[in-house]
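S.K.: Give me the fold of what follows.
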Amino acid sequence: MPRKDKLERTGLGRRVRSLVSERRGKYARHRLGESADVALDATIRAAAARAGARRLRFRIDAEDLRRKLREHRSPFAVCFLVDNSYSVHAERMVETVKGLTARLLEDATHRGDKVALVAFKSGLPEGTVALPLTKSTALARRRLGEIPLSGRTPLADALTRARRLLRQELAKHPNAVPLVVCLTDGLPTAARRPGGDPLADALGEARALRRAKVGLVVADAAPEATRERSSSRALADSAGGLYLRLEELTPDAFAHLLEGIG
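M.R.: You can find the predicted model right below:
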């Protein structure tokens, strides 16, 4: 049984089991506070317990009011961070992302999910939003085909751009469930500033994702012979996220992964 999203969101979707503050969905639990959607059963129990404890006449006061929390489904906002540096097998990685994106977008037609792409700029030590959040399969496929190879790996900057993109989406659609899927060899080479530590910067941004309540899945694209040098697992651990090898991230596995997150 997939675990439920514990945050109380402000809108409805069709993907993740989540608590919403609108008057639709299944009544799941209650919380303190006034609302037009009164949890009458819980309110009466609270008033009765207070009256009995103090030997008072039964009446409902403001302190007894409970509001309903309802369960509904929320959509995902998934940002794929594609390591398109020369240090990884970029063509194989992009093809993997194409398959995952196409699968997710097909599912999004019925479930309301969105996907985005963040990659590394060619010739510059910084990330770039190759595709803002969209439900368009055709646009996603076209932008995937346009991602060039990059000589540097500015992983921290790309993670920052992914986080900001998803936070902007949450500001517009608070019911979305944000997730970054990072496909990388875990070998950052570009720091935020001259003389900085690229790995420390990337791990710091992973912790920022955790504080922002943005999920992270890291798919390690490092070859088996060099995987022990990869920081992919440390990146996932710093974000409180999930680590796996790139070859494990099949479309079916990704669908199950989303079910587990939801």
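S.K.: Which secondary structure elements does the lengthiest helix in the chain sit against?
M.R.: If you go by DSSP state H, the chain has its longest helix at helix 90-111. When contacts are defined as 3 or more Cβ pairs under 8 Å, 6 or more residues apart in numbering; DSSP states H and E, helix 90-111 sits against strand 76-82, strand 114-120, helix 137-146, strand 177-184, helix 251-261. (Each C-beta comes from the backbone N, C-alpha and C, glycine too.)
S.K.: Just give me the lowest mean pLDDT stretch among these.
M.R.: Comparing mean pLDDT across the helices and strands packed on helix 90-111, the weakest is helix 251-261, with a mean of 79.
S.K.: Which residues belonging to it are considered buried?
M.R.: Counting neighbours by 16 or more other Cβ atoms under 10 Å, one finds that the buried residues in helix 251-261 are Pro251, Phe254, Leu257, Leu258, Ile261.
S.K.: so how far is Asp252 from Glu259?
M.R.: Distance, Glu259 to Asp252, using Cβ to Cβ, to the nearest Å: 11 Å.
S.K.: okay, the helices and strands packed on helix 90-111 in a markdown table with distance to Asp197 next?
M.R.: Listed next are those as a markdown table, based on distance: least, Cβ to Cβ, whole Å:
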| stretch | distance to Asp197 |
| --- | --- |
| strand 76-82 | 20 |
| strand 114-120 | 18 |
| helix 137-146 | 31 |
| strand 177-184 | 17 |
| helix 251-261 | 31 |
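S.K.: Tell me the spatial nearest neighbour of Arg207, not counting adjacent residues.
M.R.: Ser238 (5.2 Å; Cβ to Cβ, 6 or more residues apart in numbering).
S.K.: Do a quick rundown of the strands in this structure.
M.R.: Counting by DSSP state E, the chain has strands at residues 5-9, 16-20, 26-32, 66-74, 76-82, 114-120, 127-134, 177-184, 215-220, 242-245.
S.K.: about what we covered before: might you report the residue contacts of the residue nearest to Arg207?
M.R.: Residues near Ser238 by Cβ atoms under 8 Å, 6 or more residues apart in numbering: Leu203, Ala206, Arg207, Arg210.
S.K.: wait, which of those is closest to Arg111?
M.R.: For these, the closest approach to Arg111 (Cβ to Cβ) belongs to Arg210, at 25.6 Å.
S.K.: so how many other residues sit close to Leu65?
M.R.: 18 (other Cβ atoms under 10 Å).
S.K.: what are the phi and psi angles of it?
M.R.: The phi/psi pair for Leu65 (degrees, to the nearest 10) reads phi -70, psi 130.
S.K.: pretty sure it is touching Ala36, no?
M.R.: No. Taking contacts as Cβ atoms under 8 Å, Leu65 lies outside contact range of Ala36: 11.2 Å.
S.K.: so how far is Arg229 from the closest residue to Ala102 other than its chain neighbours?
M.R.: Setting aside the residues directly before and after it, Ala102 is nearest to Thr137 in space (Cβ to Cβ, 6+ apart), at 6.3 Å. Thr137 sits 36 Å away from Arg229, taking Cβ to Cβ as the criterion.
S.K.: Look at these two and report which has more neighbours.
M.R.: More crowded of Thr137 and Arg229, by other Cβ under 10 Å: Thr137, with 16 against 10.
S.K.: Scan the helices and strands of the chain for the one with the lowest mean pLDDT.
M.R.: Lowest by mean pLDDT, DSSP states H and E among the helices and strands of the chain is strand 16-20, with a mean of 47.
S.K.: circling back: now the angle from the longest helix of the chain to helix 251-261?
M.R.: When axes from the mean of the first three to the mean of the last three Cα atoms, to 10 degrees is applied, the directions of helix 90-111 and helix 251-261 differ by 50 degrees.
S.K.: Point out where the stretch 101-250 of the chain drops to low pLDDT.
M.R.: Along the stretch 101-250 of the chain, the model assigns pLDDT under 70 to residues 109-110.
S.K.: in stretch 199-218, what's buried?
M.R.: Neighbour counts over stretch 199-218 (16+ other Cβ under 10 Å) mark 199, 201-203, 205-206, 208-209, 214-218 as buried.
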